[in-house]
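Trainee: Quick one: sequence and predicted model below, then my questions.
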Amino acid sequence: MSNDTHRPRRTSSGRRPFSSNQPHRSGGGFSRSPRSGNTSGSHRTGGHTSGGQSHGRRPAGGRGGGGRKLPTFDPSRFINTNPRTAEKTVYEAKHRFTTFGLNDRFAREIVATGLEVPSPIQDQVIPLILEGRDVVGLAETGTGKTAAFLIPLIDKTLREYDRQTLILAPTRELAAQIEAELRKLTKEFRLYSAVCVGGVGIRGQISNLRRKNHFVIATPGRLLDLLERGHFKPEGVRSVVLDEADRMLDMGFIKDIRKILQNTPKERETLLFSATITKEAENLVKDFLRDPVTISVKKKDVTDSIAQDVVRYSHHDKFETLTKLLADPSFSRTIIFGAMKHSVEKLSEELTAHGIKAESLHGNKSHGQRQRALNAFKSGNARVLVATDVAARGIHVDNVSHVINYDLPNTFEDYVHRIGRTGRGNERGSALTFVPA
C-alpha cells in the first residue's frame, strides 16, 4: 500500500468484520497500512480558474512510517467470472431533473449535460436536501452521489446568493473531481468556489479565500490549518457535506472534522455520504446531524456489473503475464494498482518501454504531474494508468474496461474501491487480481 502522504493510518474501532453472508468476501483478516493523501485550486464556476497551492497537514497523531504490511486474505474467493447472467433489478425513478422543482434554467442546464433520469441515490436524496433535511446517504461507488448533493445545493445557492457550502473530502483527487462536477453543472452561472487541500502551496488558497466563495471544497487537515490561521471564516457556512466519511475517518481525520464542525453554525444543514457506517461515523451522526434521514441504495459491496477473477503467475514471469494480458485489444483502458510509489513508477516505465503507453499516479508526483497523467489517460493518449491506492477513490474515468490488482490490496474496502473504477453506472467491467501460483 502506498504511503503517499506519510500519514499514520489509525485503526478504526468500528472496522467492519468479514462475514459469510457478504458477497465475494474472504474470511481472512487484513493488516493496516498508511494511507494516501491530499489537490488544489479555486475557480469561478462561470468560466475561469485560478490556481491555489499548499503545505500538507497530517492528521492528529504525528508522523509515521514503516514498511508495507502484507495482506492476509485469499483473493480467489472473489471470483465471479460471469456476472452478466445475474438478474438485475431495474430501478424506476420517481422524478426527472425537470420535476424536482429546481430553478427552471438550472434544470435545463442539467439536462443539457446529459443527465435526465436520476440515479437511485439522486432520486431519493435530492428532495430531502431541497427540504433542508440532514441526510445520511449510503451508496456504492459510481452511483452519482456527487451530483446527488451538488444539484440541490446549487439550486439553493441560486435562490440565496449569499449562502456558503463546505464540502469535506478525504483526498485532493476527490476534491478535484467534485470541483470538476460543480464546474460542469454551473458553467452558465456566476458561482464561485475554492479548493483547499494539502500537498500544494497554501498561499494561493489563502488568496482565494479572501473573496466570497459559494462552495469551499477541502480536505480536513488543510481546512483546519486555514481555520486556525484565520483565513477560513466558518460563520457563513449554511451546509456541510462530509463526502466519503468512512475514508476520512479511516485516514485519521476524526479530530480535524470535529474541530471544523464545532466552528460552523449549529443551525447548518449537514449531509454525510459513506460506503459504510463505522462506530466513529455513527458518533459523528449522533453529535452533528439533526434528526437525519438515512437513505441506503447499497445492495452489495461489489456490483454485478464487474466480472472478477484471479490471474496466477510465477515470480519470474509476473511482468510477462501482465504484458500478455495487455496485448488483448479488449484491455482498451486499464488501471493497474500497485503497492508502493517506486514500484508503480517503475512498472509504468517498463510498460512504456515494451510499447504499452502508460502513465503513473502516486504520491511522489506533484499535483500538476498527477493531473497531466490523469488527463493523458482520460484522453486516450495513455492506454494504461498505473497507480497506488491514491487513485482508488474520487477518480472517475469513463469506460475503464479493466482494473488489475498487480499487487494485492491490504483490505477488502481497498479492493472494493479499486475495482469500482470499472463497471460504473450502466457500464460493464472486469477486475483481475494477480496471485502467486
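Mentor: Noted; the coordinates are in hand.

Trainee: confidence score at Gly142?
Mentor: What the model reports for Gly142 is a pLDDT of 72.

Trainee: Now it: closest residue in space that isn't a chain neighbour?
Mentor: Computed as CB to CB, 6 or more residues apart in numbering, the closest residue to Gly142 that is not its neighbour in sequence is Arg424, at 3.4 Å. (Each C-beta comes from the backbone N, C-alpha and C, glycine too.)

Trainee: Surely the one you found is within a helix?
Mentor: No - counting by DSSP: H, G, I helix; E, B strand; the rest coil, one finds Arg424 to be coil, located in no helix.

Trainee: which sections of the stretch 251-400 of the chain are below the confidence cut-off?
Mentor: Along the stretch 251-400 of the chain, the parts satisfying pLDDT under 70 run over 298-304, 391-394.

Trainee: doesn't Ile295 make contact with Ile121?
Mentor: Yes - using CB atoms under 8 Å, Ile121 makes contact with Ile295 at a distance of 6.8 Å.

Trainee: Need the residues touching each of those two.
Mentor: Here Ile121 and Ile295 share the contacting residues Gly137, scored by CB atoms under 8 Å, 6 or more residues apart in numbering.

Trainee: Compare those two and say which is more crowded by neighbours.
Mentor: More crowded of Ile121 and Ile295, by other CB atoms under 10 Å: Ile121, with 24 against 19.

Trainee: and the more buried one, what is it in contact with?
Mentor: Counting by CB under 8 Å, 6+ apart, Ile121 touches Gly137, Ala139, Thr143, Gly144, Lys145, Ala148, Ile295, Val297.

Trainee: Among those, list the two that are farthest apart in space.
Mentor: Largest separation among these by CB to CB: Gly144 and Ile295, giving 12.8 Å.

Trainee: Need phi/psi at Lys187.
Mentor: Main-chain torsions, Lys187, degrees, to the nearest 10: phi -60, psi -20.

Trainee: Show the end-to-end separation of stretch 134-147, please.
Mentor: The first and final residues of stretch 134-147 sit 17 Å from each other (CA to CA, to the nearest Å).

Trainee: Among the contacts of Ile121, which one sits closest to Gln205?
Mentor: Ranked by distance to Gln205 (CB to CB), these are led by Lys145 at 25.3 Å.

Trainee: Just give me the neighbour total for that closest one.
Mentor: Neighbours of Lys145 (other CB under 10 Å): 25.

Trainee: Now do it, the pLDDT please.
Mentor: For Lys145, pLDDT reads 92.

Trainee: And the one 5 residues further on, by the same measure?
Mentor: Among the per-residue scores, Leu150 shows a pLDDT of 98.

Trainee: what's the burial count for the residue nearest to Val397 when sequence neighbours are not counted?
Mentor: Excluding its sequence neighbours, the residue lying closest to Val397 (CB to CB, 6+ apart) is Lys378, at 5.4 Å. Using other CB under 10 Å, Lys378 has 16 neighbouring residues.

Trainee: quick one, helices of the chain?
Mentor: All helices of the chain, identified by DSSP state H, fall at 104-112, 120-131, 145-159, 172-185, 203-208, 220-228, 245-250, 254-263, 279-288, 318-326, 341-353, 367-379, 412-419.

Trainee: quick revisit: tell me the one among the contacts of Ile121 nearest to Glu280.
Mentor: Checking these one by one against Glu280 (CB to CB), the nearest turns out to be Gly137, at 17.1 Å.

Trainee: pull the CA atoms of stretch 205-225 into PDB?
Mentor: What follows is stretch 205-225, C-alpha atoms only, in PDB (Å, rounded to 0.1, in the frame of the first residue of the first chain):
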ATOM      1  CA  GLN A 205      -5.600  29.100  -1.300                       C
ATOM      2  CA  ILE A 206      -5.300  31.900   1.300                       C
ATOM      3  CA  SER A 207      -5.700  34.400  -1.500                       C
ATOM      4  CA  ASN A 208      -8.700  32.600  -2.900                       C
ATOM      5  CA  LEU A 209     -10.500  32.600   0.500                       C
ATOM      6  CA  ARG A 210     -10.300  36.400   0.700                       C
ATOM      7  CA  ARG A 211     -13.200  36.700  -1.700                       C
ATOM      8  CA  LYS A 212     -16.700  35.300  -1.300                       C
ATOM      9  CA  ASN A 213     -17.000  31.600  -2.300                       C
ATOM     10  CA  HIS A 214     -20.300  29.900  -2.600                       C
ATOM     11  CA  PHE A 215     -18.600  26.500  -2.300                       C
ATOM     12  CA  VAL A 216     -15.400  25.600  -0.400                       C
ATOM     13  CA  ILE A 217     -14.200  22.100  -1.200                       C
ATOM     14  CA  ALA A 218     -11.400  20.900   1.100                       C
ATOM     15  CA  THR A 219      -9.600  18.100   2.800                       C
ATOM     16  CA  PRO A 220      -9.900  18.300   6.600                       C
ATOM     17  CA  GLY A 221      -6.300  18.800   7.500                       C
ATOM     18  CA  ARG A 222      -5.700  21.700   5.200                       C
ATOM     19  CA  LEU A 223      -9.000  23.400   6.100                       C
ATOM     20  CA  LEU A 224      -8.200  23.200   9.800                       C
ATOM     21  CA  ASP A 225      -4.900  24.800   9.000                       C
END
